[in-house]
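Chemist: Predicted model follows, preceded by the sequence.
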Amino acid sequence: MSPFPQLLRSWRQKRRLSQLELALESGVSQRHVSFLELGRATPSREMILLLGETLEVPLRERNDWLVAAGFAPVFRERPLEDPQMGRVMDAVRLMLASHEPFPAVAVDRAWNIRLANRPFELLEALVGGDVWERVGGRQRNLMRLVFHPRGIRPLVANWNAIAPLLWQRARREADALGGQEMKAVLAELAPFQDEATLWLADEAALVPVLPLELRSDGLRVSLFTVIATFGTAQDVTADELRIESFFPADDATEKLFRQRPG
(Lines give C-alpha, C1' and ligand atoms only; values in the text may rest on other atoms or scores of the structure.)
Protein backbone atom coordinates (compact mmCIF):
# COMPACT_ATOMS: atom_id res chain seq x y z
CA MET A 1 0.00 0.00 0.00
CA SER A 2 1.28 3.47 -0.87
CA PRO A 3 1.88 6.05 1.89
CA PHE A 4 -1.04 8.15 0.64
CA PRO A 5 -3.76 6.62 2.91
CA GLN A 6 -1.75 7.43 6.03
CA LEU A 7 -1.03 10.96 4.82
CA LEU A 8 -4.72 11.58 4.14
CA ARG A 9 -5.77 10.21 7.52
CA SER A 10 -3.08 12.20 9.33
CA TRP A 11 -4.07 15.52 7.76
CA ARG A 12 -7.78 14.88 8.28
CA GLN A 13 -7.10 14.28 11.96
CA LYS A 14 -4.91 17.40 12.15
CA ARG A 15 -7.86 19.42 10.88
CA ARG A 16 -10.10 17.69 13.44
CA LEU A 17 -12.56 16.45 10.83
CA SER A 18 -14.40 13.15 10.77
CA GLN A 19 -14.62 11.19 7.53
CA LEU A 20 -18.21 12.37 7.20
CA GLU A 21 -17.27 16.02 7.69
CA LEU A 22 -14.49 15.75 5.10
CA ALA A 23 -16.91 14.07 2.71
CA LEU A 24 -19.47 16.84 3.12
CA GLU A 25 -16.92 19.63 2.68
CA SER A 26 -15.27 18.06 -0.38
CA GLY A 27 -18.36 16.68 -2.09
CA VAL A 28 -16.91 13.16 -1.99
CA SER A 29 -18.88 10.26 -0.52
CA GLN A 30 -17.95 9.13 2.98
CA ARG A 31 -17.59 5.60 1.63
CA HIS A 32 -14.96 6.77 -0.87
CA VAL A 33 -13.05 8.74 1.80
CA SER A 34 -13.05 5.61 3.96
CA PHE A 35 -11.81 3.45 1.08
CA LEU A 36 -9.04 5.95 0.31
CA GLU A 37 -7.83 5.91 3.92
CA LEU A 38 -7.91 2.12 3.98
CA GLY A 39 -6.04 1.83 0.70
CA ARG A 40 -9.01 0.03 -0.89
CA ALA A 41 -9.45 2.77 -3.49
CA THR A 42 -6.78 4.37 -5.67
CA PRO A 43 -6.97 8.18 -5.76
CA SER A 44 -6.87 10.08 -9.00
CA ARG A 45 -4.67 13.14 -9.36
CA GLU A 46 -7.78 15.34 -9.30
CA MET A 47 -9.06 13.67 -6.12
CA ILE A 48 -5.73 14.27 -4.35
CA LEU A 49 -5.78 17.95 -5.29
CA LEU A 50 -9.43 18.29 -4.24
CA LEU A 51 -8.88 16.75 -0.82
CA GLY A 52 -5.65 18.70 -0.34
CA GLU A 53 -7.50 21.95 -1.04
CA THR A 54 -10.38 21.00 1.26
CA LEU A 55 -8.00 20.20 4.11
CA GLU A 56 -5.90 23.32 3.42
CA VAL A 57 -2.77 21.21 3.09
CA PRO A 58 0.31 23.35 2.26
CA LEU A 59 1.48 23.07 -1.32
CA ARG A 60 4.75 21.36 -0.37
CA GLU A 61 2.80 18.58 1.33
CA ARG A 62 0.31 18.34 -1.55
CA ASN A 63 3.30 17.52 -3.74
CA ASP A 64 4.21 14.80 -1.22
CA TRP A 65 0.68 13.41 -1.50
CA LEU A 66 0.99 13.25 -5.28
CA VAL A 67 4.36 11.51 -5.16
CA ALA A 68 3.10 9.06 -2.54
CA ALA A 69 0.24 8.11 -4.87
CA GLY A 70 2.55 7.70 -7.87
CA PHE A 71 2.04 11.07 -9.58
CA ALA A 72 4.47 13.83 -10.43
CA PRO A 73 4.50 16.97 -8.25
CA VAL A 74 2.32 19.81 -9.53
CA PHE A 75 3.49 22.84 -7.56
CA ARG A 76 6.91 24.31 -8.31
CA GLU A 77 9.30 25.72 -5.74
CA ARG A 78 10.93 28.70 -7.39
CA PRO A 79 13.82 30.62 -5.79
CA LEU A 80 13.03 34.22 -4.87
CA GLU A 81 15.23 35.50 -7.70
CA ASP A 82 13.40 33.45 -10.35
CA PRO A 83 12.05 35.77 -13.09
CA GLN A 84 8.59 34.26 -12.69
CA MET A 85 8.63 35.38 -9.05
CA GLY A 86 9.25 38.97 -10.11
CA ARG A 87 5.74 40.29 -9.53
CA VAL A 88 5.45 38.45 -6.25
CA MET A 89 8.72 39.88 -4.98
CA ASP A 90 7.77 43.35 -6.21
CA ALA A 91 4.67 43.09 -4.02
CA VAL A 92 6.72 41.90 -1.04
CA ARG A 93 9.26 44.71 -1.41
CA LEU A 94 6.45 47.25 -1.78
CA MET A 95 4.80 46.04 1.43
CA LEU A 96 8.10 46.15 3.31
CA ALA A 97 8.96 49.64 2.04
CA SER A 98 5.44 50.97 2.59
CA HIS A 99 5.57 49.93 6.23
CA GLU A 100 8.51 52.21 6.96
CA PRO A 101 9.40 53.85 9.33
CA PHE A 102 8.42 50.69 11.21
CA PRO A 103 10.15 47.31 10.85
CA ALA A 104 8.85 44.52 8.63
CA VAL A 105 10.30 41.22 7.43
CA ALA A 106 9.38 38.48 4.99
CA VAL A 107 9.87 35.04 6.53
CA ASP A 108 9.38 31.44 5.45
CA ARG A 109 7.52 28.81 7.45
CA ALA A 110 10.58 28.08 9.59
CA TRP A 111 10.75 31.80 10.50
CA ASN A 112 13.90 32.38 8.47
CA ILE A 113 14.14 36.01 7.37
CA ARG A 114 14.16 36.17 3.57
CA LEU A 115 13.85 39.96 3.19
CA ALA A 116 13.74 42.89 5.61
CA ASN A 117 13.19 46.63 5.36
CA ARG A 118 15.60 49.31 6.59
CA PRO A 119 13.95 50.01 9.98
CA PHE A 120 14.50 46.39 10.91
CA GLU A 121 18.19 47.33 11.08
CA LEU A 122 17.33 49.55 14.05
CA LEU A 123 16.03 46.53 15.91
CA GLU A 124 19.17 44.58 15.01
CA ALA A 125 21.32 47.40 16.37
CA LEU A 126 19.24 47.48 19.55
CA VAL A 127 19.84 43.80 20.28
CA GLY A 128 23.50 43.84 19.17
CA GLY A 129 25.02 43.84 15.72
CA ASP A 130 26.62 40.42 16.23
CA VAL A 131 23.43 38.73 17.43
CA TRP A 132 23.08 36.50 14.38
CA GLU A 133 26.61 35.14 14.83
CA ARG A 134 25.86 34.53 18.51
CA VAL A 135 22.75 32.45 17.90
CA GLY A 136 24.29 30.46 15.04
CA GLY A 137 22.58 28.98 12.04
CA ARG A 138 23.12 29.67 8.36
CA GLN A 139 20.13 32.02 8.15
CA ARG A 140 18.68 34.80 10.27
CA ASN A 141 16.00 32.91 12.16
CA LEU A 142 13.51 34.63 14.46
CA MET A 143 13.06 31.60 16.73
CA ARG A 144 16.82 31.36 17.33
CA LEU A 145 16.90 35.12 17.91
CA VAL A 146 14.34 34.85 20.70
CA PHE A 147 15.02 31.43 22.25
CA HIS A 148 18.74 30.78 21.77
CA PRO A 149 20.59 31.29 25.09
CA ARG A 150 22.79 33.94 23.45
CA GLY A 151 19.87 35.70 21.78
CA ILE A 152 17.62 38.49 23.02
CA ARG A 153 16.11 36.86 26.11
CA PRO A 154 18.05 39.12 28.55
CA LEU A 155 16.51 42.13 26.78
CA VAL A 156 12.90 40.92 26.83
CA ALA A 157 11.18 42.70 29.71
CA ASN A 158 8.01 40.58 29.58
CA TRP A 159 9.67 37.21 28.92
CA ASN A 160 7.36 35.10 31.12
CA ALA A 161 4.33 36.47 29.27
CA ILE A 162 5.54 36.51 25.67
CA ALA A 163 7.82 33.43 25.48
CA PRO A 164 5.09 30.80 26.02
CA LEU A 165 2.86 32.41 23.40
CA LEU A 166 5.63 32.54 20.79
CA TRP A 167 6.80 28.98 21.49
CA GLN A 168 3.29 27.54 21.36
CA ARG A 169 2.50 29.51 18.21
CA ALA A 170 5.58 28.02 16.54
CA ARG A 171 4.55 24.52 17.63
CA ARG A 172 1.01 25.00 16.31
CA GLU A 173 2.28 26.32 12.99
CA ALA A 174 4.78 23.49 12.61
CA ASP A 175 2.00 20.98 13.18
CA ALA A 176 -0.69 22.72 11.12
CA LEU A 177 1.64 23.45 8.19
CA GLY A 178 3.63 20.23 8.28
CA GLY A 179 6.70 22.31 8.98
CA GLN A 180 9.56 19.84 9.40
CA GLU A 181 12.06 22.71 9.25
CA MET A 182 10.40 24.47 12.18
CA LYS A 183 10.17 21.20 14.11
CA ALA A 184 13.94 20.81 13.68
CA VAL A 185 14.54 24.34 15.00
CA LEU A 186 12.27 23.68 17.99
CA ALA A 187 14.10 20.42 18.74
CA GLU A 188 17.42 22.29 18.59
CA LEU A 189 16.24 25.01 20.98
CA ALA A 190 14.16 22.88 23.37
CA PRO A 191 17.10 21.82 25.63
CA PHE A 192 17.75 25.48 26.46
CA GLN A 193 14.19 26.19 27.60
CA ASP A 194 12.50 26.14 30.99
CA GLU A 195 9.47 23.89 30.45
CA ALA A 196 7.56 25.47 33.32
CA THR A 197 7.86 28.90 31.69
CA LEU A 198 6.90 27.71 28.21
CA TRP A 199 3.72 25.99 29.34
CA LEU A 200 2.49 28.42 32.00
CA ALA A 201 2.38 32.03 30.82
CA ASP A 202 2.18 34.90 33.25
CA GLU A 203 -1.18 36.60 33.26
CA ALA A 204 -0.94 39.54 30.87
CA ALA A 205 -2.79 42.82 31.05
CA LEU A 206 -6.11 42.80 29.25
CA VAL A 207 -4.84 44.42 26.06
CA PRO A 208 -5.93 43.65 22.48
CA VAL A 209 -2.54 42.12 21.60
CA LEU A 210 0.50 41.26 23.71
CA PRO A 211 3.58 43.19 22.56
CA LEU A 212 7.21 42.18 22.66
CA GLU A 213 8.96 44.58 25.06
CA LEU A 214 12.72 45.09 24.68
CA ARG A 215 14.99 47.13 26.94
CA SER A 216 18.61 47.94 26.09
CA ASP A 217 20.98 50.78 27.05
CA GLY A 218 18.16 52.90 28.44
CA LEU A 219 15.93 52.37 25.38
CA ARG A 220 12.58 50.66 25.59
CA VAL A 221 10.78 49.29 22.52
CA SER A 222 7.31 47.76 22.56
CA LEU A 223 6.05 46.13 19.35
CA PHE A 224 3.30 43.82 18.15
CA THR A 225 3.04 42.12 14.77
CA VAL A 226 0.48 41.69 12.01
CA ILE A 227 0.94 38.80 9.57
CA ALA A 228 0.03 38.80 5.87
CA THR A 229 0.12 35.84 3.47
CA PHE A 230 -0.66 35.21 -0.20
CA GLY A 231 -4.26 34.10 -0.57
CA THR A 232 -3.94 32.33 -3.93
CA ALA A 233 -0.39 31.00 -3.94
CA GLN A 234 0.34 28.28 -6.52
CA ASP A 235 4.08 28.10 -5.88
CA VAL A 236 5.62 26.44 -2.82
CA THR A 237 7.89 29.40 -2.06
CA ALA A 238 5.05 31.91 -2.29
CA ASP A 239 2.77 29.64 -0.26
CA GLU A 240 5.30 29.54 2.58
CA LEU A 241 6.21 33.24 2.49
CA ARG A 242 4.58 35.70 4.86
CA ILE A 243 5.06 39.31 5.87
CA GLU A 244 5.45 40.15 9.55
CA SER A 245 4.86 43.86 10.08
CA PHE A 246 5.88 45.33 13.42
CA PHE A 247 3.74 48.12 14.87
CA PRO A 248 4.53 50.35 17.86
CA ALA A 249 2.53 49.42 20.94
CA ASP A 250 3.03 52.80 22.60
CA ASP A 251 3.80 56.43 21.78
CA ALA A 252 7.45 56.24 22.86
CA THR A 253 8.19 53.39 20.46
CA GLU A 254 6.42 55.17 17.61
CA LYS A 255 8.44 58.32 18.28
CA LEU A 256 11.69 56.34 18.36
CA PHE A 257 11.16 54.90 14.89
CA ARG A 258 9.73 58.07 13.35
CA GLN A 259 12.76 60.08 14.52
CA ARG A 260 15.22 57.59 13.03
CA PRO A 261 17.34 59.19 10.31
CA GLY A 262 16.22 58.13 6.80
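Modeler: Thanks, I have the structure now. Residues are numbered from 1 along each chain as shown.

Chemist: which residues of the protein score low on pLDDT?
Modeler: For the chain, the stretches flagged by pLDDT under 70 are 1, 200-207, 261-262.

Chemist: Who are the contact partners of residue 84?
Modeler: residue 78 (C-beta atoms under 8 Å, 6 or more residues apart in numbering). C-beta: built from backbone N, CA, C; applies to glycine.

Chemist: tell me the SS of it?
Modeler: Look at residue 84: counting by DSSP: H, G, I helix; E, B strand; the rest coil, its state is helix.

Chemist: and the gap between it and residue 46?
Modeler: 25 Å (C-beta to C-beta, to the nearest Å).

Chemist: can you check residue 163 too?
Modeler: Where residue 46 is concerned, residue 163 sits at a distance of 45 Å (C-beta to C-beta).

Chemist: Show me which of these two is the more surrounded one.
Modeler: residue 163 (21 against 8; other C-beta atoms under 10 Å).

Chemist: Which positions in stretch 49-57 come out as buried?
Modeler: Buried positions in stretch 49-57, judged by neighbour count with 16 or more other C-beta atoms under 10 Å: 49, 51, 52, 54, 55, 57.

Chemist: which of those residues are the two that sit furthest away from each other?
Modeler: 49 and 55 (11.1 Å; C-beta to C-beta).

Chemist: Leaving aside the residues adjacent along the chain, what's closest to the residue positioned nearest the centre of the chain?
Modeler: By C-alpha atoms, centre = their mean, the mean C-alpha position of the chain lies nearest to residue 109, the distance being 3.9 Å. Of all residues not flanking residue 109 in the chain, residue 240 sits nearest, at 4.4 Å (C-beta to C-beta, 6 or more residues apart in numbering).

Chemist: got a list of what the one you found touches?
Modeler: When contacts are counted by C-beta under 8 Å, 6+ apart, residue 240 touches 58, 59, 60, 108, 109, 177.

Chemist: please redo it, this time with the cut-off set to 7 Å
Modeler: Shown in contact with residue 240 (C-beta atoms under 7 Å, 6 or more residues apart in numbering): 58, 108, 109.
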